[in-house]
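1. here you go, sequence then predicted model.
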Amino acid sequence: MLDIRLIRRDPDGVRAMLGRRGPPAAAGLDKVLELDGRWREVTAELEKVRAQQNRASRGRKGAPTEEERAHLAELAGRRRKLADEEAAVGAAREAQLASLPNLPAADAPDHEQVIREVGEAGARGRDHLELAGERIDMARAARLSGSRFAYLRGELVALELALVSYAVAKLADKGFEPVIPPVLVRERALYGTGFLPDTEQQIYGLPADDLYLTGTSEVGLAALHQEEILSAGDLPARYAGFSSCFRREAGAAGKDTRGIFRLHQFDKVEMFSFVEPDASLAEHEWLLAIQEEICHELSIPYRVVAIPVDDLGASAAKKYDVEAWLPGQGRYRELTSCSNTTDYQARRLDIRYRESAEGRPLHVHTLNGTAVTNSRTIIALLENGQHENGSVTLPPVLHRYGAPEVLAPAGADGK
RNA sequence: GGAGGGGUGGCAGAGUGGUCGAAUGCGCCGGUCUUGAAAACCGGAGUCCGGCGACCCCGGACCGCGGGUUCGAAUCCCGCCCCCUCCGCCA
């Protein structure tokens, strides 16, 4: 949600920034301005009538006389009419305002920008399915649930659990509180995080219960402080969420159909930060640095890409993707991403903080970033750790969390 | 799933349909007193919207949320949400 005060104060500036996302966004802004103007007129009139009513009834003890009653009834009628209009125009303004995406950061590029490449990329080899064999069981999962589902079996379960433990421990060390959030949520949280109405077709809904399955624990983490006023001492507040994630992948038919690159259900450890507005730029870089540290410790060659304005979701002002080199595909593919959503989600969820005892509460900034996933991180580990004979060496840092040191070649001992 | 009870300011807790934004207590902030503190006393304090982008000022709204009745609703009616107790079921 954009700040209506900012829009009133500097409509041209806001229009120019929104315009980077395309003409519809800029047009939406003008609708907001028009509705807001009408809303303010109606509101002023409504409040005048209410003030009259209050003056008339304040302090009164008994019932009014007949002529008083006639006058008061007339006032009440006018108020009702104005109140209805105020509600209608106000709702239209809110809906229009809520449909506007966040303002892109000045340094969010117009075109994809590779910021750096790290590690030895360029290797070719077997892809993760060839390496895993039935330890990734797509056929039986399809029989059970349809396409884009997978059974993870045997040693790969130990690998996932090790990855999760490793990531959660690392983040806890850095001050993130581990959290397992609900993944079945009400509409409110999806609206508040900007996934609704923006990405409605990607979200599984359970209409019988008015609940939705979340596509990322970001939803539950952001909503953790919904409608709260934090004190400055609470910030930064950082959480490491672990949950399953559910995505319909509508519109992705035929894309990434092999293996576990794009699934309807996967698990993820997610970083989420609530910070003071001044701190969000630095926090964004820091989250990215953690993602890179993880790639380094897992020996995954990667590059960092600044996402173009066109591809930012509704809520992000700026976004980086970390892309892993995948020898099975012979190219870089998205592994993790990390976004600065500035005050966009905080406004929609009404999350504020108090800077000092006397100041008014201000909206916080929120940021999110992937730590590890049981789909793409595992793909990157398998494909980059592979040997000529089809065995895979897993990074030492995972061993103490229960990951096998080496995965045997697919087909060995019946796998 | 069935049957009851309840949601009021940071907390506790009053509130015959008519100065109730709301008593009172605790906690909190400022002051007086004190060498300092405590006690006592005095004062203050919520959030949101509009009026000019202002912590002053003016108006309006907010007693779980949303509707309704009424000249007037914290108080009456309806729907929803949440919490508690008992029974059933269940990991």
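-> Alright, I've got the coordinates. Residues are numbered from 1 along each chain as shown, chains lettered A, B, ... in the order given.
2. domain-wise, how is chain A divided?
-> Here the domain parsing of chain A from automatic domain parsing is A:4-99, A:113-414.
3. quick one: residues contacting the residue of the stretch 251-400 of chain A found nearest RNA strand B.
-> Of all residues in the stretch 251-400 of chain A, A:Pro361 sits closest to RNA strand B, at 4.6 Å by CB to the nearest atom of the strand. (C-beta placed from N, C-alpha, C; glycine too.) Going by CB atoms under 8 Å, 6 or more residues apart in numbering, A:Pro361 touches A:229, A:352-354.
4. again, but for A:Ala380
-> Neighbouring residues of A:Ala380 by CB under 8 Å, 6+ apart: A:298, A:300, A:324-326, A:335.
5. now with 6 Å, please.
-> For A:Ala380, the contact set (CB atoms under 6 Å, 6 or more residues apart in numbering) comprises A:300, A:324, A:335.
6. still on that earlier bit, give me the subset of the contacts of A:Pro361 lying in strands.
-> Of those, the ones assigned to strands by DSSP state E are A:229, A:352-354.
7. beta partners for the closest residue to RNA strand B within the stretch 101-250 of chain A?
-> Residue nearest to RNA strand B within the stretch 101-250 of chain A: A:Ile229 (6.6 Å; CB to the nearest atom of the strand). Here A:Ile229 sits in beta bridges with A:Arg352, as judged by DSSP bridges.
8. residues near it, how many?
-> 14 (other CB atoms under 10 Å).
9. could you do the one 10 residues further on as well?
-> Applying other CB under 10 Å, we find 23 other residues in the vicinity of A:Tyr239.
10. for A:Pro327, same thing?
-> Neighbours of A:Pro327 under the rule other CB under 10 Å: 22.
11. let me know the secondary structure of the spatially closest residue to it that is not a sequence neighbour.
-> Residue nearest to A:Pro327 in three dimensions, not counting chain neighbours: A:Gly125, with 4.0 Å by CB to CB, 6 or more residues apart in numbering. Applying DSSP: H, G, I helix; E, B strand; the rest coil to A:Gly125 yields a three-state assignment of coil.
12. was I right about A:Gly125 contacting A:Gln386?
-> Yes - A:Gly125 lies in contact with A:Gln386 (CB atoms under 6 Å); the separation is 5.2 Å.
13. mind listing the helices in the stretch 51-200 of chain A by residue range?
-> Using DSSP state H, counting those that start in this stretch, the helices of the stretch 51-200 of chain A run over A:66-99, A:128-132, A:138-145, A:155-173, A:187-192.
14. same question for the stretch 301-415 of chain A.
-> Using DSSP H, counting those that start in this stretch, helices in the stretch 301-415 of chain A cover A:344-349, A:376-385.
15. now distance to A:Arg93 and mean pLDDT too, for those helices, in JSON lines please.
-> Converted to JSON lines, the helices of the stretch 301-415 of chain A look like this (distance: least, CB to CB, whole Å; pLDDT from 0 to 100):
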{"stretch": "helix A:344-349", "distance to A:Arg93": "14", "mean pLDDT": "93"}
{"stretch": "helix A:376-385", "distance to A:Arg93": "41", "mean pLDDT": "97"}
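16. hmm, who's touching stretch A:163-170?
-> Stretch A:163-170 has contacts (CB under 6 Å, 6+ apart) with A:178, A:240, A:242, A:269, A:371-372, A:398, A:401.
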